[in-house]
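Participant: I'd like to go over a predicted model; first the sequence, then the structure.
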Amino acid sequence: MNKELVGPNGSPISSNGHNAEDIAEMLEAMDSMLTEYGLGLGDLELARDDIGWLKLGGASSNELDSDTRQSSVQKARLYYNRDPLSKQAIRIWTGYSIGRGINFKAKDEKADNILHKFWDSRANSSILSSQGQFKSSDKLLVDGEIFFALFSGKDIKIRRIDPLEITEIVTNPEDQDEVLFYKRCFMKGSTEITQYYADWTNKKPSVAVADARGKSVVATEDAVIYHVAINTLGRRGVSLLLPAFDWTKAHRKFIEARASITQALAKFAWRAKVKGGATQVAAIKNKFQSNLATGGSTENNPPAAAGSTWVENEGLDLTPIKTETGASNAQVDANMLLQMFGAAVGIFPHYFGAGEAFKLATATAMERPMRVMFEAYQEIWSDTYADIFSYVLAENGKLDEYVDIDFPPIVEKDATESVKAIVELITALPELNVPEMQKLLLTKIGINNPDEVLGSITPQERAVVALVKGLRGVKAILKEGQDDGMS
């Protein structure tokens with residue numbers, strides 16, 4: 001007798017096993033069942049590794065298989081939106097690393113104008129504005145990868161493509177590190193659309209290359225793809241949250257259990273001990289009970305006001321219920337789970353409010369391991385924007401132009417001390433009194449638009465400043481001569 005295999009939602013699972021939605025639901029159901037026995041899917045993965053099992057075929061051992069990768073992205077997005085620890089982890093990574101967004105300046109004035117036209121274009125603001133940079137960072141951390149589509153033309157546009165829509169990366173058969181094309185599959189209404197995009201480094205997008213199934217493919221779209229991947233040994237990225245799923249879930253369930261215990265203990269606050277039988281107990285119960293609890297429409301027996309005096313005789317003894325909640329032990333247990341979550345996302349536990357060490361997490365201090373990770377993450381984005389700038393300039397006939405890209409500091413230094421140090425440096429080395437140093441000085445005192453401020457200074461004002469500096473120099477020379485004459 002033939003039996004149809006169905007998923008938890010009742011829909012049939014296709015024989016080829018590619019129904020990702022049902023598989024994800026089955027894994028979730030299995031995870032819930034294993035949790036009842038104190039296990040999780042992570043335990044099965046680790047156990048498989050312990051006994052030396054290796055899935056043959058499909059993706060390489062450097063990468064997750066396609067179904068697992070897609071389900072992990074969907075799960076990461078869910079945790080980002082619903083789980084407070086996951087949300088805070090992404091917020092910390094993006095907040096410290098991206099800050100207010102990047103600043104850049106090309107050495108060549110024409111190249112600088114080209115880049116600012118591209119960067120300031122309203123059509124690209126959803127990607128390149130401060131908010132757009134924040135969103136791109138969040139998506140990279142949550143999804144593990146991001147695909148930028150660059151549309152050439154008079155005005156170059158940049159967009160993002162959902163990683164779930166990129167189903168295959170086609171490489172050079174003779175060089176697996178040379179990416180040539182990206183296969184994109186998505187639904188438009190009830191129609192499945194398949195497109196091929198060339199990698200931004202592919203200079204011959206019309207030359208056919210065989211994909212994983214031996215099919216010859218060429219670029220079908222004018223746009224090119226710039227791919228950024230993190231946390232991976234292969235070509236596809238892995239979410240920052242993937243190794244943290246089990247620990248944030250354990251922490252959340254632990255906190256939920258603690259809340260349930262506290263609520264249960266708070267149900268009864270006082271104990272009344274009565275001398276007598278059931279009749280006396282019922283009478284005292286009625287004395288304390290609200291009229292609303294017995295179906296009444298008005299309250300004729302309200303609770304006593306705070307600070308009231310309790311009067312009793314020897315027939316009744318009212319005492320508060322003293323319970324040991326074990327809060328201190330629970331805090332230690334919760335912090336252990338939080339430490340594992342923090343290790344998974346690379347953030348120390350006190351950044352999630354655990355323990356007393358959070359006092360060290362100020363605006364001017366950060367542990368070196370975290371600072372180094374954030375600096376490395378900034379470099380990933382620096383390389384990304386440098387490559388995108390290179391493409392934009394090349395499309396406009398400008399090659400090999402140097403572009404200086406600056407990120408905001410990960411930890412703020414004391415503004416007074418920074419300004420003092422800059423002034424002392426310029427005083428000692430006047431030749432450093434250049435626009436870059438002036439912009440840095442204005443930024444340190446809180447000016448958000450240093451370019452506009454410096455640009456508003458007229459040539460006459462600059463001449464006056466130069467004159468004042470010259471007079472100061474003359475005065476210093478004259479004073480030197482007077483001192484020599486007196487000696």
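Facilitator: Okay, I see it. Numbers count the residues shown, from 1 in each chain.

Participant: going forward, measure contacts and count neighbours with C-alpha atoms only.
Facilitator: OK.

Participant: Find the residue closest to the residue nearest in space to the middle of the chain in space, skipping its chain neighbours.
Facilitator: The chain has residue 90 as the residue nearest its centroid, 2.4 Å off, counting by CA atoms, centre = their mean. Computed as CA to CA, 6 or more residues apart in numbering, the closest residue to residue 90 that is not its neighbour in sequence is residue 138, at 6.3 Å.

Participant: The one you found belongs to a helix?
Facilitator: Yes. Assessed by DSSP: H, G, I helix; E, B strand; the rest coil, residue 138 belongs to a helix.

Participant: related to what we said a few turns ago, what's the spacing between the helix or strand encompassing the residue nearest to the centre of the chain and its chain's center?
Facilitator: Using DSSP states H and E, residue 90 falls within helix 84-98. Offset of helix 84-98 from its chain centre (CA atoms, centre = their mean, to the nearest Å): 4 Å.

Participant: Just the mean pLDDT for it, thanks.
Facilitator: Average pLDDT, helix 84-98: 95.

Participant: How about stretch 206-223?
Facilitator: For stretch 206-223, the per-residue pLDDT averages 93.

Participant: buried residues in that stretch?
Facilitator: 209, 211, 217, 218, 219, 223 (16 or more other CA atoms under 10 Å).

Participant: how about those in TSV, adding secondary structure and distance to residue 156?
Facilitator: Formatted as TSV, those follow (DSSP: H, G, I helix; E, B strand; the rest coil; distance: CA to CA, whole Å):
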residue	secondary structure	distance to residue 156
209	strand	27
211	coil	29
217	strand	25
218	coil	22
219	coil	19
223	coil	10
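
Participant: Let me know the closest of those to residue 288.
Facilitator: residue 223 (75.2 Å; CA to CA).

Participant: Could you pull up the residues touching that closest one?
Facilitator: If you count contacts by CA atoms under 8 Å, 6 or more residues apart in numbering, residue 223 has them with 149, 150, 151, 152, 197, 198.

Participant: Next one: it from residue 119, what distance?
Facilitator: Residue 223 sits 18 Å away from residue 119, going by CA to CA, to the nearest Å.

Participant: for residue 440, same thing?
Facilitator: In terms of CA to CA, residue 440 sits 21 Å off from residue 119.

Participant: The two: which is more packed in?
Facilitator: Taking neighbours as other CA atoms under 10 Å, residue 440 and residue 119 compare with residue 119 leading, 19 against 15.

Participant: Can you report how many residues neighbour the residue lying closest to that one once chain neighbours are set aside?
Facilitator: The shortest distance from residue 119 to any non-neighbouring residue, by CA to CA, 6+ apart, is to residue 128 (6.3 Å). Using other CA under 10 Å, residue 128 is surrounded by 23 other residues.

Participant: Which pLDDT value belongs to residue 128?
Facilitator: We have a pLDDT of 96 for residue 128.

Participant: That one contacts residue 117, correct?
Facilitator: No. Under the criterion of CA atoms under 8 Å, residue 128 is not in contact with residue 117, lying 11.6 Å apart.

Participant: Would you mind identifying the next helix or strand past the helix or strand bottoming out on mean pLDDT in the chain?
Facilitator: In the chain, the helix or strand scored least confidently by mean pLDDT, DSSP states H and E is helix 41-50, which has a mean of 59. Remark: after helix 41-50, the chain's next helix or strand is helix 66-82, criterion DSSP H and E.

Participant: Quick check: residue 156 vs residue 217, distance?
Facilitator: 25 Å.

Participant: same deal with residue 237?
Facilitator: Distance from residue 237 to residue 217, by CA to CA: 24 Å.

Participant: how about the nearest residue to residue 127, chain neighbours excluded?
Facilitator: residue 133 is the one closest to residue 127 (CA to CA, 6+ apart), at 6.1 Å.

Participant: got the CA positions of stretch 202-216 in CSV?
Facilitator: This file holds the C-alpha atoms of stretch 202-216, laid out as CSV (Å, rounded to 0.1, in the frame of the first residue of the first chain):
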residue,chain,number,x,y,z
ASN,A,202,33.5,38.9,-15.1
LYS,A,203,34.8,40.8,-18.1
LYS,A,204,33.2,38.3,-20.6
PRO,A,205,29.5,37.9,-19.4
SER,A,206,28.5,36.6,-22.9
VAL,A,207,30.9,33.7,-22.8
ALA,A,208,29.0,30.5,-21.8
VAL,A,209,30.1,28.5,-18.8
ALA,A,210,28.6,25.1,-17.6
ASP,A,211,26.7,25.2,-14.3
ALA,A,212,26.5,22.4,-11.7
ARG,A,213,24.1,20.4,-14.0
GLY,A,214,26.3,20.9,-17.1
LYS,A,215,24.0,23.5,-18.7
SER,A,216,25.7,26.3,-20.5
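
Participant: what comes into contact with that stretch?
Facilitator: Here stretch 202-216 makes contact (CA under 8 Å, 6+ apart) with 170, 171, 172, 173, 179, 180, 198, 217, 218, 219.

Participant: How much space separates the last one from residue 213?
Facilitator: Here residue 219 is placed at a distance of 17 Å from residue 213 (CA to CA).

Participant: Need the single longest strand in this protein, by residues.
Facilitator: Longest strand in the chain, counting residues (DSSP state E): strand 175-188.

Participant: relative orientation of the next helix or strand after it and strand 175-188 in degrees?
Facilitator: Towards the C-terminus, the helix or strand next in line after strand 175-188, according to DSSP H and E, is strand 191-199. Put simply, strand 191-199 runs at 150 degrees to strand 175-188, going by axes from the mean of the first three to the mean of the last three CA atoms, to 10 degrees.

Participant: strands paired with the helix or strand that strand 191-199 is followed by, and their directions?
Facilitator: Moving toward the C-terminus from strand 191-199, the next helix or strand (DSSP H and E) is strand 209-210. Strand pairing for strand 209-210, determined by DSSP bridges: strand 216-217 (antiparallel).
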